[in-house]
Structures are given as structure tokens and as C-alpha cells.
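1. missing the sequence, but the structure's below:
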């Protein structure tokens, strides 16, 4: 379901709860709170939903929100690509094929928009996620370091950039 402005509070809470399940180990003291406010505060989510270049989609099972997808329709580095900026779901739903379903949904949207590819970034320490992306056809096209994330442990600041071409 595509998120609406009325969903911003609920989506903010969902994003925070999922993030805390997966990524507390990344942060030095104070970092988690800084990142949650920077990325998932209700006003931040509201502004992102309002932005014409991006959409959030909430994944629900039996009316219970269990995950979400954030897409950017024009990837800043390559306008012919759609960017999957965020794709997350609660750990208890891992292994059910939800990641594949969300990615297939992103592929369909990209093709409807006439995009040539889908791009995403993943932490280079997320070996399972990177393995999954390779398995469904993504290729690594670059790397980057999160220099502005001073409260993140240095060993987790590396990212890979992956692309799926149609």
C-alpha cells in the first residue's frame, strides 16, 4: 500500500522499530538517537512522502504493518534508474520471500516508468543482503564511504552500490 501523508506518524514508528531490531550495533554512543531523528522523525517521513520524487510503500500482513519500501524515481547519479533507498521488514518475517516480492514490485514500477535499471546501496558488512541482491540479478557498480556519519562505528561506514539492468 502506498503511504499517504496521514501515514507519516505510523510509518515513522514502523521505520524506527525495524531499524532498532537490525542496526543498533552500528553506532557509537548517541549515534542511534541522532540517526533515528535524522532519518525517521515523523516530520522527516512526512516531508519525504510529500516529495514528488519519492514514495513509501507499507507492507502489511493480516493488516499488520511488517515492512516498508522507499523508492526514488530519479536516482541523482543516473536519471534512467529508479533507486530503492530503503527496503526493510521486521526480523520475525525474514525468510518468507518478502524481500523478493518488494524488489519485484520495485522492478515493475521502474519498468512502468520507462527506467533502464534499479539502483540501491547496501552496507558492505551486510553480506546476506548483498548475497540476496546478487542472487536476484544485481551487479556491483561502485562503493562509497559514509563520511558524514561520525557517530557510526568506522568499520560499518562502507557501502556498495548495486544495479539491476532490464
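-> Cool, got the structure. These figures come from a predicted structure and were not determined experimentally.
2. secondary structure class for the residue sitting furthest away from the middle of the chain?
-> The outermost residue of the chain relative to its centre, with distances by CA atoms, centre = their mean, is residue 29 at 23.6 Å. Secondary structure of residue 29, reduced to three states by DSSP: H, G, I helix; E, B strand; the rest coil: coil.
3. What of residue 99?
-> Here residue 99 is helix, with the state taken from three-state DSSP.
4. Tell me, how many residues neighbour it?
-> Residue 99 is flanked by 20 other residues according to other CB atoms under 10 Å. C-beta: built from backbone N, CA, C; applies to glycine.
5. before we move on, back to that, can you tell me how far the residue farthest from the centre of the chain is from residue 151?
-> Distance from residue 29 to residue 151, counting by CB to CB, to the nearest Å: 8 Å.
6. Quick check: nearest residue in space to residue 165, chain neighbours excluded?
-> Counting by CB to CB, 6 or more residues apart in numbering, the nearest residue to residue 165 once its immediate chain neighbours are dropped is residue 117, at 4.5 Å.
7. re earlier: which residues touch the residue farthest from the centre of the chain?
-> Residue 29 sits next to residue 151 when contact means CB atoms under 8 Å, 6 or more residues apart in numbering.
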